[in-house]
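**Q** got a sequence here, can you model it:
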Amino acid sequence: MTTPDSRPAFDRLLSPRSLAMVGASNSPTRIGGTVFANLLRAFPGEVHPVHPKDEVVQGRQAFRTVADLPEAVDMAVIAVPAPAVVDVVAACAARGIGGATVITSGFAEAGPEGRALQDRLTEVSRDTGIRVIGPNCIGYMNAHDGVMANFMVTANEPLPQPGPVALVSQSGGFGSYITNKAVLAGLRLGWFVSTGNEADVNVANVLRHLVERPEVGVLLSFAETLRDPEVFVDTARRAAELDKPLVLLKAGRSDEAARAAMSHTASIVGSAQVLDAVCEQYGVFVASTMEELLDLGTIFQDGRRARGDRVIVMTSSGGAGVLLADEAGLAGLSVPVLPEQEQAALAADMPVPFYGSTANPVDTTAQTTAMPGAYRKVLFSVAASPSADLVSAVTWARPGPANDAIVEMYQNTEKPVAVLSTAWSEQFQAAGVPTYTDPRRAMTALAALVRQSGRRPHAGPARFVPDAGRVRHVRELIAAAGRETTLLESTGKSILARYGVPVTREELVTCADGAVEAAERAGGPVALKVMSYQLPHKSDAGAIRLGLRGPDEVRAGYEEMLAEVAVRAPDAVVEGVLVQQMAPARLEMACGVQRDPLFGPMVAIGLGGVLVEVLSEAALLRPPFDAATARAVLGGLLGGRLLSGGRGLSEAEQDAVAQVMVALGELALELDEVTEVDVNPLRVSGGVVLAADALIVVRHG
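**A** Numbers count the residues shown, from 1 in each chain. Reported below is the predicted structural model:
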């Protein structure tokens with residue numbers, strides 16, 4: 001009897017050296033027959049069928065039960081009725097099997113009874129350590145190790161050629177659709193994993209495993225939910241360190257789609273805006289369509305990187321060249337006019353008379369179709385141009401000297417290439433030439449490659465260590481509010497100050513004389529604000545007065561304000577009046593915290609004051625992050641205009657706002673009970689940033 005494999009369970013699950021299938025069948029029309037036939041196709045190790053009656057399944061000796069297997073195989077594929085699955089997985093664990101791929105459906109997606117079955121399956125996995133893919137999945141493919149544990153292809157279809165692209169899909173059916181489309185598009189898939197209902201293993205787990213695999217260079221994923229956001233973020237960090245592009249196509253972005261996801265795989269769906277922000281923060285590409293997912297896989301799979309964003313377009317169709325140039329500009333690429341010396345060299349190789357252009361796009365016109373030698377020479381000159389970081393060529397999908405030259409050029413340059421073709425070409429696919437059938441898709445792909453080429457590993461802190469003393473002090477302030485959930489502004493600012501957020505000078509008073517004295521100490525004009533737990537939005541009840549100068553104005557403002565509040569909010573209990581310096585403002589911003597149900601705390605930054613609702617543009621960051629990351633996000637607001645011009649943020653102001661963002665992130669990480677923070681306005685002037693108002697909402701356990 002063979003001893004159990006000592007490798008980690010995840011390795012045994014996805015890179016098995018021996019296999020079994022429970023539910024294997026002799027019938028080619030049953031899933032158990034299709035999957036078992038696939039298992040036999042390319043796997044170099046032992047494959048054992050388990051069948052309660054048949055003694056031989058597809059030429060292999062069958063075993064009645066899992067306990068009868070001659071060895072503790074690494075992975076078992078399970079395709080038996082749903083009520084039997086849990087017991088089978090438990091038997092696999094007892095036999096020492098490392099992992100199980102459960103094809104069977106009828107679990108959480110099928111209603112309460114199915115959910116109960118799935119919960120039992122999760123419990124078995126957790127208690128025994130056996131790793132489980134599924135249920136309700138179509139299995140997986142590890143082409144590098146010859147593992148075809150799936151029914152996405154039949155036994156008479158050709159096996160995909162293993163390559164550097166890995167595709168992980170929560171949906172089995174759509175994952176199969178993407179896989180077949182990917183192969184047609186020329187992607188070299190080495191891995192495909194469908195995770196289904198994710199009773200144990202989820203999309204993030206698989207991505208985290210695959211990012212470390214040396215044969216994997218590109219990670220593509222389709223998900224309806226991300227059940228393990230911390231693992232997803234860790235994967236994104238690691239992918240950046242290893243320079244392996246990670247591309248996500250996310251379903252469930254609308255309310256309607258979220259309901260569909262719930263019915264399909266019993267998923268929970270978080271905020272699309274938050275997901276996009278997290279992906280941007282950690283360098284994950286978010287594909288908006290299935291085609292874009294495949295397009296990015298196509299441009300990334302050869303592993304080339306760009307030194308810059310300059311693209312040279314070579315075409316024999318002027319219109320196609322103009323479209324490519326337009327789309328390049330829209331994608332953020334540069335289409336430089338070639339230097340006169342280079343243009344002269346290109347012109348010398350063109351037919352005479354020549355009616356095209358050597359500027360860029362380089363338009364050789366249809367004349368070169370009759371002069372393949374000239375076309376090849378110009379194409380190689382374009383690819384070798386010191387003015388080019390990227391190369392794009394236009395062609396027709398038919399055999400001939402022009403396409404031969406494109407393949408040869410691609411194989412003799414290290415620069416990224418994107419070919420615009422009338423259709424996918426077997427010749428280009430065989431050579432690995434990235435091919436697109438639409439100008440926008442070609443240039444969008446090249447632009448993504450430029451972004452990947454310029455990215456650096458995320459420099460922010462991977463982990464955050466709470467300040468125990470600070471936490472203790474702040475929780476004392478929160479406890480002083482009793483069972484109130486919205487803290488007084490004065491309390492909120494005291495909390496912010498503990499995190500290093502600069503706040504306005506202010507005092508809490510309980511009488512008019514006290515207000516006058518506090519105003520004298522503040523100096524200059526002051527604001528008066530009623531502090532009441534019943535008035536979180538003070539202006540609605542007339543509980544605020546601004547720009548008061550001198551004792552008479554302060555006294556009158558105090559008395560009039562309290563009188564108005566007594567009329568407009570008679571049930572409000574006044575805890576005191578905040579006397580606050582009037583902070584100057586060249587610009588007002590808003591900074592806050594919200595908690596996403598999936599990714600947890602998110603720090604938002606945007607324009608504040610009256611503009612917060614008018615422009616409603618905000619950037620989001622997931623803590624922990626550093627000041628450099630915060631500053632980079634500031635640079636993206638308003639198309640970069642927030643940092644430019646005479647009214648933009650100075651260097652000192654950028655640093656100060658970034659520190660406020662970092663501070664709010666730390667606050668959110670240290671205090672789980674804080675559910676919302678709103679600092680608006682954050683007043684900016686003369687290199688100084690001050691929090692002029694603060695709303696903090698807490699929950700009580």
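
**Q** setting aside sequence neighbours, what's the nearest residue to the residue nearest the centre of the chain?
**A** Nearest to the geometric centre of the chain sits Cys279, at 2.9 Å (C-alpha atoms, centre = their mean). Leaving aside its sequence neighbours, Cys279 sits nearest to Val286 (C-beta to C-beta, 6 or more residues apart in numbering; 4.9 Å). Every residue, glycine included, has its C-beta placed from N, CA and C.

**Q** am I right that that neighbour falls within a strand?
**A** Yes. Val286 sits within a strand when classified using DSSP: H, G, I helix; E, B strand; the rest coil.

**Q** so how far is Ala82 from it?
**A** Computed with C-beta to C-beta, to the nearest Å, the distance linking Val286 and Ala82 is 35 Å.

**Q** the two: which is more packed in?
**A** Per other C-beta atoms under 10 Å, whichever of Val286 and Ala82 has more neighbours is Ala82, with 19 against 16.

**Q** contacting residues for that one?
**A** When contacts are counted by C-beta atoms under 8 Å, 6 or more residues apart in numbering, Ala82 is found next to Thr104, Ser105, Gly106, Phe107, Ala110, Gly114, Leu117, Pro135.

**Q** measure the second one to Met152 for me?
**A** Summarising the geometry, the distance separating Ser105 from Met152, computed by C-beta to C-beta, is 15 Å.

**Q** more neighbours: which of those two?
**A** Ranked by neighbour count (other C-beta under 10 Å), Ser105 and Met152 place Met152 first, with 23 against 16.

**Q** from what I see, the more buried one and Ile138 are in contact.
**A** Yes. Between Met152 and Ile138 a contact is recorded at 5.3 Å, counting by C-beta atoms under 8 Å.

**Q** any common contacting residues for those two?
**A** Going by C-beta under 8 Å, 6+ apart, residues that sit against Met152 and also against Ile138 are Gly172, Gly175, Ser176, Ser194.

**Q** now the last one: how far from Glu224?
**A** When you say that, I think you mean Ser194. From Ser194 to Glu224 the distance is 12 Å (C-beta to C-beta).

**Q** so Ile312, which of the three states?
**A** strand.

**Q** got the contact list for the closest residue to it other than its chain neighbours?
**A** Excluding the flanking residues, the one nearest Ile312 by C-beta to C-beta, 6+ apart is Ala388, at 4.1 Å. Counting by C-beta under 8 Å, 6+ apart, Ala388 touches Arg310, Val311, Ile312, Val382, Lys415.

**Q** one more: Ala20?
**A** Ala20 neighbours (C-beta under 8 Å, 6+ apart): Val47, His48, Pro49, Val50, Phe63, Val66, Leu69, Val73, Met75, Ala76, Val77, Ile97.

**Q** closest one of the residues you listed to Arg683?
**A** Met75 (60.9 Å; C-beta to C-beta).

**Q** between the contacts of Ala82, which is nearest Leu449?
**A** Nearest to Leu449 among these is Pro135, at 37.7 Å by C-beta to C-beta.

**Q** surely the closest one is within a strand?
**A** No. Per three-state DSSP, Pro135 lies outside any strand segment and is coil.

**Q** what is the burial count for the closest residue to Ser650 other than its chain neighbours?
**A** Residue nearest to Ser650 in three dimensions, not counting chain neighbours: Gly687, with 5.7 Å by C-beta to C-beta, 6+ apart. Gly687 has 12 neighbours, counted by other C-beta under 10 Å.

**Q** contacts only, for Gly687.
**A** If you count contacts by C-beta under 8 Å, 6+ apart, Gly687 has them with Ser650, Ala652, Glu653, Ala656.

**Q** name the SS class of the closest residue to Pro502 other than its chain neighbours, please.
**A** Spatially, and ignoring its direct neighbours in sequence, Pro502 is nearest to Leu690 (5.3 Å; C-beta to C-beta, 6+ apart). Three-state call for Leu690 (three-state DSSP): strand.

**Q** residue farthest from the centroid of this structure?
**A** Most peripheral residue of the chain (C-alpha atoms, centre = their mean): Asp552, 57.4 Å.

**Q** do you know how far it is from Gln534?
**A** Counting by C-beta to C-beta, the gap from Asp552 to Gln534 is 29 Å.

**Q** can you list the weak-confidence ranges in the chain?
**A** Judged by pLDDT under 70, the chain has its weakly predicted residues at 1-5, 252-270, 352-353, 355, 367-370, 458-462, 609-616, 645-646.

**Q** state which strand of it is the longest.
**A** strand 674-685 (DSSP state E).

**Q** name the helices or strands packed onto it?
**A** strand 587-596, helix 651-670, strand 688-691, strand 695-698 (3 or more C-beta pairs under 8 Å, 6 or more residues apart in numbering; DSSP states H and E).

**Q** adjacent strands (with direction) for that strand?
**A** Here strand 674-685 has these sheet partners by DSSP bridges: strand 587-596 (antiparallel), strand 688-691 (antiparallel), strand 695-698 (antiparallel).

**Q** adding mean neighbour count and distance to Ala541, write these out as JSON lines.
**A** Shown next, in JSON lines, are the strands paired with strand 674-685 (neighbours: other C-beta atoms under 10 Å; distance: least, C-beta to C-beta, whole Å):
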{"stretch": "strand 587-596", "mean neighbour count": "21", "distance to Ala541": "22"}
{"stretch": "strand 688-691", "mean neighbour count": "20", "distance to Ala541": "22"}
{"stretch": "strand 695-698", "mean neighbour count": "20", "distance to Ala541": "15"}
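
**Q** got a markdown table for the ones you listed, with distance to Arg505 too?
**A** As requested, the strands paired with strand 674-685 are exported to a markdown table (distance: least, C-beta to C-beta, whole Å):
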| stretch | distance to Arg505 |
| --- | --- |
| strand 587-596 | 18 |
| strand 688-691 | 9 |
| strand 695-698 | 19 |
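
**Q** so which bits of the helix or strand harbouring the residue nearest to the centre of the chain are buried?
**A** According to DSSP states H and E, Cys279 maps onto helix 272-282. Buried residues in helix 272-282, counted by 16 or more other C-beta atoms under 10 Å: Val274, Leu275, Asp276, Ala277, Val278, Cys279, Glu280, Gln281, Tyr282.

**Q** output these as JSON lines; include the columns distance to Ala630.
**A** As requested, these are arranged in JSON lines below (distance: C-beta to C-beta, whole Å):
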{"residue": "Val274", "distance to Ala630": "17"}
{"residue": "Leu275", "distance to Ala630": "20"}
{"residue": "Asp276", "distance to Ala630": "18"}
{"residue": "Ala277", "distance to Ala630": "13"}
{"residue": "Val278", "distance to Ala630": "15"}
{"residue": "Cys279", "distance to Ala630": "17"}
{"residue": "Glu280", "distance to Ala630": "13"}
{"residue": "Gln281", "distance to Ala630": "10"}
{"residue": "Tyr282", "distance to Ala630": "15"}
